[in-house]
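Q: Give me a model of this one.
(4 chains)
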2 protein chains.
Amino acid sequence: MAVTIRDVARLANASPAAVSATLNGSRTKGIRVGDATRQRIRDAAAQIGYVPHAVAKSLATGRSQVIGLMLPYTDAFFDKNPFCQEAMNGILREVVAAHYNAMLYTAVEESGDPHTSPSRIAEVDSRVDGMVLVMPPRHGEIIRRCQTIGMPFVSLLRPFEDGGLTVNADDYRGSCLAAEHLLSLGHRRIVHLSGNEDAVTTAPRKQGYCDTMTAAGYEPWVINAGFDWSGGQAVMERLLDLPPAQRPTAVFAANDLCAEGAMRAIKARGRTIPDDIAIVGFDDTWFATMTQPALTTVRMPIPEMGALAARMLIDLLDGKTDFPEQVVLPVSLTVRQSCGANAAPAAPLPFNEEKS
Amino acid sequence: MAVTIRDVARLANASPAAVSATLNGSRTKGIRVGDATRQRIRDAAAQIGYVPHAVAKSLATGRSQVIGLMLPYTDAFFDKNPFCQEAMNGILREVVAAHYNAMLYTAVEESGDPHTSPSRIAEVDSRVDGMVLVMPPRHGEIIRRCQTIGMPFVSLLRPFEDGGLTVNADDYRGSCLAAEHLLSLGHRRIVHLSGNEDAVTTAPRKQGYCDTMTAAGYEPWVINAGFDWSGGQAVMERLLDLPPAQRPTAVFAANDLCAEGAMRAIKARGRTIPDDIAIVGFDDTWFATMTQPALTTVRMPIPEMGALAARMLIDLLDGKTDFPEQVVLPVSLTVRQSCGANAAPAAPLPFNEEKS
DNA sequence: TCGGCATGATAAACCGGTTCATCAAAGTCG
DNA sequence: CGACTTTGATGAACCGGTTTATCATGCCGA
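A: Alright, predicted model coming up:
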């Protein structure tokens, strides 16, 4: 049923070798094809609708032109968090542009079933030329597997210590920006809702906040809330139970989602944002514009980070070696309404704006 | 470097055929292996860490255990709309459970570059056993390609007329539910913001609304706004310019995103939802719980639809044939605050309603 | 006229699995 | 005991490409 290279060869009165060389451009090694034959082959291929068999080609060449995407498969990330979506978007842009394809792998959190999970990791197999690892759980295990079978990989959002090429954002600096911003608005009792303990971003985000607070002469105040919004909500509810004098006047959440949870708790108590409590998030995913009020948040260039990781992997596969092992992309602060720095449209105070 | 089946055979003092039969369970046809040999082979394989070469296996068997996912690659869908994310989530759940893998394809809206797009479609190739088409643009073209090369496929959210197996939700019925609900709340001037003209869901959603309104003796009122939130916002702004007596008292948007846009416009004018204008959306993606107030919307079981589509494809690949060509899943109305039917509780509880 | 060389082309050996056809040995039955 | 079946095992031919090694030819200069 399928039309093979030998069919084309027969029709064009040529050899399979000549067909292969012709259809793959002239980058073939030892095979020379004359112009006349070349033309006959092209015509024949077009005539019978020849399409190369990608699997056979892959077996013969040892390259598949496919890169694997390893994503976490938990509600908090894959399902509900726009982060993965945006990262994937950036990755795919590069992958498609480089004429590669993407194969999806999902890493499960816990290997309760000792059969399933190792087998899924084992599937880091001959079908892909390399891997982009988007902060999968059990990252070390996966990396070790890649290393033992010689699979090239680039990690997105993972600690350098695990080895390999990594792309990260400057979490520490981002936290400094957020804390400095809130301090500059006059806040003193600023609480930081920190993220999942096992995430690589949690420690530097915590540290940046703590260092900034301490340097300014104020007490750091950290409560773990996780990356999910329910965590932010639960923690915020407890904080609102405190007597007013001990209550925070500002919240710096580890995450946009967590910030949203906190905002819900605040609004549910009839408090207003940013007047009663100011909020700053982290990530600047697309839905940070959708909260009420719109969320002031630290901007990570997520799609760009994904694109860069993919680009690095593809370069690596093409034999390039002259790039840094660890890339840290800069972050910035996107100021919207939730922090109170921007006057709300209903009550503008245009004369108070100060540049500094 | 790589360890092959022949290495295992040599070490175990057996033939490649025996190794293949042993490691693939006993579902092999003509090859019989004794218990002793079987054990030797298992030991040998474990000892030298044999991992089957998926590409070679694929070439030999003609099956790759990979299914292709064709997704639209436009901002409105892939980037900003949780729909694709949720559908993908459902699809992946089934794919992984069936020990398949997923390969990602992106369909671009317009083939401005005549080179890129056909080649991407041509990549519906030997690497996948079947395709799940998630409402890709230029659907007909892709389907035709699948049909000519005999690639099995299942479509998600596409017209029956294009042929093949399809999974849809009952858009028409959903619109009826929404319109009936608003009518029952006493609304008469209900405007429907309709979706992208080229989307398959647009017509039935429009129709359900119109039929319900007409049947109740009221004038249908449809304005095209598209699926993006900016469209909803722009249209709503124009509507708010109308004199109060002509202004709609309720909006039924084709989409949660579109509904959010409309809500923004309303809130920006200082109007309140649902007291001044009631809102109902469509889809019930996760962020419908995040709007302020929480959005009343028609629930499509998106992950379930994705899972079903994947399940159908896998069944098809396994040779089953006894299922309907066209599946239409039921929809329901999720009543939250934006329609005014629920007295707005001060404390929203939307976090727990993930299961239904 | 002959060696050297560039050109055009091909047969055959891979890549790493699966599976068909064949065969030896052992067990079963009349 | 001979015929027949079952069990255990294997060599070799696939799958559809790529690539190496080899060869035939024509052209050049000496």
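Q: Domain boundaries for chain A, per the record?
A: Following automatic domain parsing, one gets these domains for chain A: A:5-52, A:66-169+A:304-329, A:171-300+A:334-346.
Q: what's the spacing between the first one and its chain's center?
A: The gap between the average C-alpha position of domain A:5-52 and the chain average comes to 42 Å, counting by Cα atoms, centre = their mean, to the nearest Å.
Q: Next: stretch A:326-340.
A: 16 Å.
Q: Report the buried residues of that stretch.
A: Within stretch A:326-340, the residues scored as buried using 16 or more other Cβ atoms under 10 Å in any protein chain shown are A:327-328, A:331, A:333-334, A:336-340. (Each C-beta comes from the backbone N, C-alpha and C, glycine too.)
Q: Now secondary structure and distance to A:Glu180 too, for those residues, in JSON lines please.
A: Below are these laid out as JSON lines (DSSP: H, G, I helix; E, B strand; the rest coil; distance: Cβ to Cβ, whole Å):
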{"residue": "A:Val327", "secondary structure": "strand", "distance to A:Glu180": "24"}
{"residue": "A:Val328", "secondary structure": "strand", "distance to A:Glu180": "19"}
{"residue": "A:Val331", "secondary structure": "coil", "distance to A:Glu180": "13"}
{"residue": "A:Leu333", "secondary structure": "strand", "distance to A:Glu180": "9"}
{"residue": "A:Thr334", "secondary structure": "strand", "distance to A:Glu180": "15"}
{"residue": "A:Arg336", "secondary structure": "coil", "distance to A:Glu180": "17"}
{"residue": "A:Gln337", "secondary structure": "coil", "distance to A:Glu180": "19"}
{"residue": "A:Ser338", "secondary structure": "coil", "distance to A:Glu180": "16"}
{"residue": "A:Cys339", "secondary structure": "coil", "distance to A:Glu180": "12"}
{"residue": "A:Gly340", "secondary structure": "coil", "distance to A:Glu180": "15"}
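Q: Among the residues you listed, which one lies nearest to A:Arg238?
A: The shortest gap between A:Arg238 and any of the buried residues of stretch A:326-340 belongs to A:Ser338, at 20.3 Å (Cβ to Cβ).
Q: which residues touch the closest one?
A: Contact analysis of A:Ser338 by Cβ atoms under 8 Å, 6 or more residues apart in numbering or on different chains lists A:259, A:263, A:273-274, A:278-281, A:291, A:293-296.
Q: re the thing from before, tell me which of the domains of chain A approaches B:Leu133 most closely.
A: Of the domains of chain A, nearest to B:Leu133 by Cβ to Cβ is domain A:66-169+A:304-329, at 15.9 Å.
Q: Spell out the residue ranges of the helices in chain A.
A: A:5-12, A:16-23, A:35-48, A:54-61, A:82-97, A:116-122, A:139-148, A:171-184, A:202-216, A:229-240, A:256-268, A:302-317 (DSSP state H).
Q: Let's have those helices in CSV, adding mean pLDDT, mean neighbour count and distance to A:Leu71.
A: Output for those, formatted as CSV (pLDDT from 0 to 100; neighbours: other Cβ atoms under 10 Å in any protein chain shown; distance: least, Cβ to Cβ, whole Å):
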stretch, mean pLDDT, mean neighbour count, distance to A:Leu71
helix A:5-12, 95, 18, 36
helix A:16-23, 94, 20, 35
helix A:35-48, 94, 15, 38
helix A:54-61, 95, 18, 23
helix A:82-97, 87, 22, 6
helix A:116-122, 49, 16, 12
helix A:139-148, 81, 17, 12
helix A:171-184, 97, 22, 20
helix A:202-216, 96, 19, 19
helix A:229-240, 94, 21, 20
helix A:256-268, 92, 26, 17
helix A:302-317, 94, 22, 11
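Q: hang on, the earlier thing: pLDDT check: weakest of the contacts of A:Ser338?
A: For the contacts of A:Ser338, the weakest pLDDT value sits at A:Thr291, with 83.
Q: Columns distance to DNA strand C on top of the domains of chain A, output as CSV?
A: As requested, these are arranged in CSV below (distance: least, Cβ to the nearest atom of the strand, whole Å):
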stretch, distance to DNA strand C
domain A:5-52, 3
domain A:66-169+A:304-329, 7
domain A:171-300+A:334-346, 35
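Q: what's the closest of those to B:Gln85?
A: Each of the domains of chain A was scored for nearness to B:Gln85 using Cβ to Cβ, and the closest is domain A:66-169+A:304-329 (5.2 Å).
Q: Just the terminal-to-terminal distance for the closest one.
A: End-to-end distance of domain A:66-169+A:304-329 (Cα to Cα, to the nearest Å): 26 Å.
Q: is any part of it close to DNA strand D?
A: No: Domain A:66-169+A:304-329 does not reach DNA strand D (Cβ under 7 Å from any atom of the strand); its nearest approach is 12.7 Å.
Q: quick one on the thing from earlier: in strands, which of the contacts of A:Ser338 appear?
A: A:278-281, A:296 (DSSP state E).
Q: related to what we said a few turns ago, closest to B:Ile5 out of the domains of chain A?
A: Ranking those by proximity to B:Ile5 (Cβ to Cβ) places domain A:66-169+A:304-329 first, at 13.0 Å.
Q: For the nearest residue to A:Glu197 once chain neighbours are set aside, give me its contacts.
A: With Cβ to Cβ, 6 or more residues apart in numbering or on different chains as the criterion, A:Glu197 has its nearest non-adjacent residue at 6.9 Å, and that residue is A:Asn224. By Cβ under 8 Å, 6+ apart, A:Asn224 lies in contact with A:193-195, A:197, A:231, A:235.
Q: Spell out for me which residue occupies the centre of chain A.
A: Ranked by distance to the mean C-alpha position of chain A (Cα atoms, centre = their mean), the top residue is A:Ala87 at 3.8 Å.
Q: Tell me how far that one lies from A:Leu133.
A: Note on A:Ala87: its distance to A:Leu133, by Cβ to Cβ, to the nearest Å, is 11 Å.
Q: Having no further points to raise, I will conclude here.
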